[in-house]
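A.B. asks: What follows is a predicted structure for the sequence shown.
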Amino acid sequence: MKHLFTLLLTWLALATQAQTTLKITAVPANTPANATIYVAGTFNSWNPGNAAYALTYNATDGSYAVTLPASITGTIEYKFTRGTWAMVETNATNGSIANRSYTAGSSTGPVLHQVLNWEDLGGTSVPGTATANVIIMSTSFAMPQLGRTRRVWLYLPNDYATSTRRYPVLYLQDGQNVFDARTAFAGEWGVDETLSQLQASGQDATGCIVVAVDNSANRLDEYSPWNNPQYGGGQGDLYVDFLAQTLKPYIDANYRTLTGRENTGIAGSSMGALIATYAAVRYPAVYGKVGAFSPAYWFARQPLMQYLQQHPADPGTRFYFMSGTTESTTMVADMAAVRDSLQRHGVPAANLNFNTRADGQHAEWFWRREFGPAYQWLYGAATPTATVGATSLKFSLYPNPGTGLLRVPLPTAAEVQVRDALGRAVLRTTLPAGQLLDLRALRQGTYFVQLTSGGQTGVSRWVKE
């Protein structure tokens with residue numbers, strides 16, 4: 001018994017030694033007195049405001065410290081924040097810093113750090129890199145589904161101000177990282193530079209509007225519809241409802257967009273790629289293009305696969321997958337599983353573009369490099385497929401699914417014919433421009449709404465809840 005007790009004490013001592021303590025010995029003088037400092041890294045999916053990783057303030061010496069769980073071993077990467085990526089630590093000139101790195105167990109004492117600057121408090125020494133094509137559409141766009149507000153960025157094509165044309169649209173997540181190095185977490189994607197150059201060189205004949213939505217401290221919750229017991233999640237349905245039911249109708253009403261699913265894409269990286277994939281499957285009548293860069297499918301692998309099986313994607317949707325081969329032990333395998341599931345349930349191989357790169361990393365520089373080819377494939381000429389709505393009039397219906405009062409963003413009146421899932425006509429009417437289409441009298445189920453306007457006809461699938 002005494003021997004067992006000694007072994008237990010030894011094990012506890014080793015476990016205690018295995019834990020890593022991160023300690024900040026100095027912070028900028030302008031750090032708010034009531035600030036809570038967090039550590040975000042590879043061990044908590046880079047959550048900038050995870051309460052489990054908040055540092056404890058020591059009033060005696062002004063230090064901050066957190067002891068990581070003993071289960072965290074090996075080499076970790078991390079940064080310190082004050083709760084969001086807009087308040088991440090920076091260098092002495094307020095520029096981005098590389099991820100901090102430490103191998104757990106490589107020292108016996110606390111790992112000491114100094115924070116030189118906070119991005120939001122460090123002045124404007126880092127020049128903005130957003131081009132003139134980029135505007136901040138709103139610093140506090142309402143998200144009624146979530147009871148929050150968010151900054152929304154907008155990129156307009158080179159010829160937007162001098163033309164009357166309508167343009168396809170791409171919705172991107174993690175908006176801070178899309179256009180401007182000043183707001184980016186670790187470098188920006190350069191989407192504005194890439195698209196402007198493609199259009200100016202004639203490699204992109206149409207141009208594209210890009211809408212980028214900032215993340216927040218609720219990033220993990222908003223970017224997954226399913227809860228991960230360790231990291232959170234579960235608000236993804238509300239987030240994609242916001243994109244499809246609130247943000248997209250606003251964009252379509254205020255900018256010259258091509259509103260149909262064939263001209264609407266959604267993309268993101270890591271967790272942003274997970275929610276982009278989900279959004280396209282949940283709203284097949286809204287999105288026809290998906291860019292999944294280094295997707296964090298691991299976060300909700302089982303429920304995602306079940307959802308893809310139970311809710312087959314529209315076969316006309318194009319999916320572009322991209323990751324490094326060594327980003328994680330499951331990254332490529334998870335991407336392949338999602339691709340294979342989509343193909344088994346009706347998406348043709350021609351609409352599934354699967355890519356890996358040996359030098360790829362889970363980083364903005366990698367996604368910036370790969371964005372151009374992804375965009376050109378997604379928005380290039382589509383391979384013909386047998387899809388609902390493959391006629392000449394492109395439009396979307398909101399909300400979808402919905403209870404029956406639908407927005408139909410068309411500039412002119414339309415003749416409407418609605419058929420049920422068996423092809424039977426259940427409604428014929430004329431819809432004046434700007435009015436809501438009233439389908440509340442229909443039973444729950446799937447319907448196909450055919451609109452004829454301006455000599456063109458199109459069909460879109462709609463689900464009555």
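C.D. replies: Cool, the structure landed.

A.B. asks: CA atoms for contacts and neighbours, from now on please.
C.D. replies: OK.

A.B. asks: Now residue 148: phi and psi?
C.D. replies: The main-chain torsion angles of residue 148 are listed as degrees, to the nearest 10 and equal phi -130, psi 180.

A.B. asks: now stretch 202-211: how far from the chain's centre is it?
C.D. replies: Stretch 202-211 has its average C-alpha position 20 Å from the chain's average C-alpha position, going by Cα atoms, centre = their mean, to the nearest Å.

A.B. asks: Then stretch 243-250?
C.D. replies: A distance of 15 Å separates the centroid of the chain from that of stretch 243-250, by Cα atoms, centre = their mean.

A.B. asks: And stretch 80-96, by the same measure?
C.D. replies: 21 Å.

A.B. asks: Then stretch 183-196?
C.D. replies: In terms of Cα atoms, centre = their mean, the centre of stretch 183-196 is found 15 Å from the chain centre.

A.B. asks: before we move on, what about stretch 204-221?
C.D. replies: Going by Cα atoms, centre = their mean, the spacing between the C-alpha centre of stretch 204-221 and its chain's C-alpha centre is 7 Å.

A.B. asks: Contacts made by that stretch with the rest, please.
C.D. replies: Judged by Cα atoms under 8 Å, 6 or more residues apart in numbering, the contacts made with stretch 204-221 from elsewhere in the structure are 47-50, 83-85, 150-158, 167-176, 178, 195, 198-199, 227, 231-236, 257, 271, 376.

A.B. asks: what does stretch 64-77 give?
C.D. replies: So stretch 64-77 is in contact with 15-16, 18-25, 37, 41-43, 53-58, 99-105, going by Cα under 8 Å, 6+ apart.

A.B. asks: Can you name the residues that contact residue 28?
C.D. replies: With contact taken as Cα under 8 Å, 6+ apart, residue 28 is in contact with 115-118.

A.B. asks: Then residue 225?
C.D. replies: Contacts here follow Cα under 8 Å, 6+ apart; on that basis residue 225 touches 233-237, 275.

A.B. asks: Among these, which lie within helices?
C.D. replies: By the criterion of DSSP state H, membership of these in helices covers 236-237, 275.

A.B. asks: per-residue confidence at the residue most central in space within the chain?
C.D. replies: Within the chain, one residue has its C-alpha closest to the average C-alpha position: by Cα atoms, centre = their mean, that is residue 272, at 2.6 Å. At residue 272 the predicted local distance difference test score is 97.

A.B. asks: May I have the phi/psi pair for it?
C.D. replies: Torsion angles at residue 272 (phi, psi; degrees, to the nearest 10) stand at phi -60, psi -30.

A.B. asks: For residue 206, give its distance to residue 411.
C.D. replies: Per Cα to Cα, to the nearest Å, residue 206 is found 20 Å from residue 411.

A.B. asks: circling back: could I get the contacts of residue 28 as TSV with pLDDT?
C.D. replies: As requested, the contacts of residue 28 are exported to TSV (pLDDT from 0 to 100):
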residue	pLDDT
115	90
116	85
117	86
118	89
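
A.B. asks: Helices along the stretch 251-400 of the chain, start to end?
C.D. replies: For the stretch 251-400 of the chain, the helices defined by DSSP state H, counting those that start in this stretch cover 271-282, 301-310, 331-344, 364-378.

A.B. asks: Please read the previous query as pertaining to the stretch 1-150 of the chain.
C.D. replies: Listed in chain order (using DSSP H, counting those that start in this stretch), the helices of the stretch 1-150 of the chain are 2-18.

A.B. asks: Give me the residue ranges of it where confidence is low.
C.D. replies: Applying pLDDT under 70 to the stretch 1-150 of the chain picks out residues 1-18, 123-127.

A.B. asks: just to revisit the earlier point, would you format the contacts of residue 28 as CSV with neighbour count and distance to residue 163 included?
C.D. replies: As requested, the contacts of residue 28 are exported to CSV (neighbours: other Cα atoms under 10 Å; distance: Cα to Cα, whole Å):
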residue, neighbour count, distance to residue 163
115, 19, 48
116, 17, 47
117, 23, 44
118, 24, 42
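
A.B. asks: Okay, and which of those residues map to strands?
C.D. replies: Using DSSP state E to define strands, the subset of these located there is 117-118.

A.B. asks: Of the contacts of residue 28, just say which sits nearest to residue 162.
C.D. replies: Here the nearest of those to residue 162, counting by Cα to Cα, is residue 118; it sits at 40.1 Å.

A.B. asks: Would you check that the closest one makes contact with residue 92?
C.D. replies: No: under the criterion of Cα atoms under 8 Å, residue 118 lies out of contact with residue 92, with a separation of 9.4 Å.

A.B. asks: can you give me the strands in the stretch 51-200 of the chain?
C.D. replies: With DSSP state E, counting those that start in this stretch as the definition, the stretch 51-200 of the chain shows strands at residue ranges 56-58, 63-67, 75-81, 89-90, 100-103, 111-114, 117-118, 134-143, 148-155, 169-172.

A.B. asks: how about TSV for the ones you listed, with distance to residue 380 added?
C.D. replies: Putting the strands of the stretch 51-200 of the chain into TSV (distance: least, Cα to Cα, whole Å) gives the following:
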stretch	distance to residue 380
strand 56-58	52
strand 63-67	49
strand 75-81	38
strand 89-90	39
strand 100-103	40
strand 111-114	48
strand 117-118	41
strand 134-143	23
strand 148-155	19
strand 169-172	13
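
A.B. asks: Which among those strands is found nearest to residue 360?
C.D. replies: Using Cα to Cα, the nearest of those to residue 360 is strand 75-81, at 16.8 Å.

A.B. asks: Report the distance from the closest one to the chain centre.
C.D. replies: 21 Å.

A.B. asks: So for it, what gets flagged as buried?
C.D. replies: Residues of strand 75-81 classed as buried: 78-81 (neighbour count, 16 or more other Cα atoms under 10 Å).

A.B. asks: follow-up on the earlier one: wait, which of the strands of the stretch 51-200 of the chain is closest to residue 298?
C.D. replies: Across these (criterion: Cα to Cα), the nearest stretch is strand 75-81, sitting at 18.4 Å.

A.B. asks: before we move on, back to that, ok, and the most crowded of the ones in helices among the contacts of residue 225?
C.D. replies: The most neighbours of any of the ones in helices among the contacts of residue 225, using other Cα atoms under 10 Å, belong to residue 275, which has 29 neighbours.

A.B. asks: Can you tell me, leaving aside adjacent residues, what's nearest to that one?
C.D. replies: Computed as Cα to Cα, 6 or more residues apart in numbering, the closest residue to residue 275 that is not its neighbour in sequence is residue 223, at 5.0 Å.

A.B. asks: With that, I have no additional questions.
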